[in-house]
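Student: Any chance you can model this:
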Amino acid sequence: MAKDISTKSGYVAILGKPNAGKSTLMNALLGQKLSIVTSKPQTTRKRILGILSEEDFQVIFLDTPGIMEPAYLLQEKMMDDVELSIRDADVIIILLDVEADSTGESTLKDKTISSVILKNKKPKLMIINKVDLSSQEHIKALIKKFESDKNFENIIPISATLGYNISSVLSAIVELLPFHPKYFPDDIVAQDDERFFVSEIIREKIFELYKEEIPYSCEVLIADFKEREEKKNYISAEIVIEKESQKGILIGKQGTAIKKLGQAAREAVEDFLQKPVYLELRVKVRNKWRSDEKMLKSFGYIRNKE
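Tutor: As a prediction, this is how the structure comes out:
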């Protein structure tokens, strides 16, 4: 069968350090919110696949966890997802947070990113994010510096939050995509199911409402998800934490904290599903789950490598 050479399709991995704006960039490119976004680093734990389909191209974005030096098993598995995304990608985006790393040195010297830049032959884009928080002169100097290195097919300054220059990023991506038939039907925008995105929404609200170690110690599992024609959808979610002491913080005095969480999460889930929801939250303690291989596997953080 002759290969379809009229359509461009491929996978695009978005790499960067924690809080660089990877999820915000993917959401902006898709034109809708798919990945959860908070002001705290390490919000994204699993790679999230978002699909943008047009008549003559299809881009499959891979939103990855922020690149870091792992401190425990969960973070090791998060970095495995980064490696998998690099392997699967046809185009690689290096996202630089110009506010946190004004010279780009910290990002470019990271061992994972430097290895991708120096050893990976796939086409690469340098995207300089949060330019609204810097000066034009500084951004121009950065672009000139990166151009002289000749490691990138294109260097594009953006503000993912404001939507500035997002169309330029998309055009640059499409230009680098291989000619290939579409991988997914045009009406599919994500590979994960509604259960996954509902659990992510609840986790997003935990990040927004709780401080210190609580968001990082929590995992959200959907125990039950019932779609009901005449009634509200029924969703039962389990919030897994590591210590008994965290349970009291999560629930709050007389249940005030978890009630606030439940309301915020329900409203966000209803907005996502476009349907009324009855949301039930339960808290369970699983001692040191972030370092337990069996639990991480049951939570979907350990997958068989192909």
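Student: ok, Leu170 - contacts?
Tutor: Leu170 makes contacts with Leu29, Leu52, Val59, as judged by CB atoms under 8 Å, 6 or more residues apart in numbering. Yep, even glycine has a C-beta here, placed from its N, CA and C like the rest.
Student: Name the member of those residues with the most neighbours.
Tutor: Leu29 (24 neighbours; other CB atoms under 10 Å).
Student: Sticking with that one, tell me its helix or strand.
Tutor: Using DSSP states H and E, the element containing Leu29 is helix 22-30.
Student: May I have the next helix-or-strand element following that helix as PDB, with CA atoms only?
Tutor: Next along the chain after helix 22-30, taking DSSP H and E as the criterion, comes strand 48-53. Coordinates of each C-alpha in strand 48-53 appear next as PDB, following Å, rounded to 0.1, in the frame of the first residue of the first chain:
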ATOM      1  CA  ILE A  48       0.100  13.100  29.200                       C
ATOM      2  CA  LEU A  49      -0.700  12.700  25.600                       C
ATOM      3  CA  GLY A  50      -2.600  15.500  23.800                       C
ATOM      4  CA  ILE A  51      -3.600  15.300  20.200                       C
ATOM      5  CA  LEU A  52      -4.100  18.200  17.800                       C
ATOM      6  CA  SER A  53      -5.700  17.300  14.500                       C
END
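Student: quick one: the following helix or strand past strand 48-53 to strand 48-53, angle?
Tutor: For strand 48-53, the following helix or strand on the C-terminal side (DSSP H and E) is strand 57-63. On the basis of axes from the mean of the first three to the mean of the last three CA atoms, to 10 degrees, strand 57-63 is oriented at 160 degrees to strand 48-53.
Student: ok, which stretches of the chain are strands?
Tutor: Taking DSSP state E to define them, one finds strands in the chain at 8-16, 48-53, 57-63, 91-97, 124-129, 154-157, 219-226, 233-241, 277-285.
Student: Now tabulate those in CSV and tack on mean pLDDT.
Tutor: Below are those laid out as CSV (pLDDT from 0 to 100):
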stretch, mean pLDDT
strand 8-16, 97
strand 48-53, 96
strand 57-63, 97
strand 91-97, 98
strand 124-129, 98
strand 154-157, 98
strand 219-226, 96
strand 233-241, 97
strand 277-285, 97
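Student: roughly how far apart are Tyr301 and Val240?
Tutor: Separation of Tyr301 from Val240 (CB to CB, to the nearest Å): 12 Å.
Student: Revised request: answer the last question for Ile214.
Tutor: According to CB to CB, Ile214 and Val240 sit 12 Å apart.
Student: likewise Lys145?
Tutor: On the measure of CB to CB, Lys145 and Val240 end up 45 Å apart.
Student: Look at these two and report which has more neighbours.
Tutor: Val240 (18 against 12).
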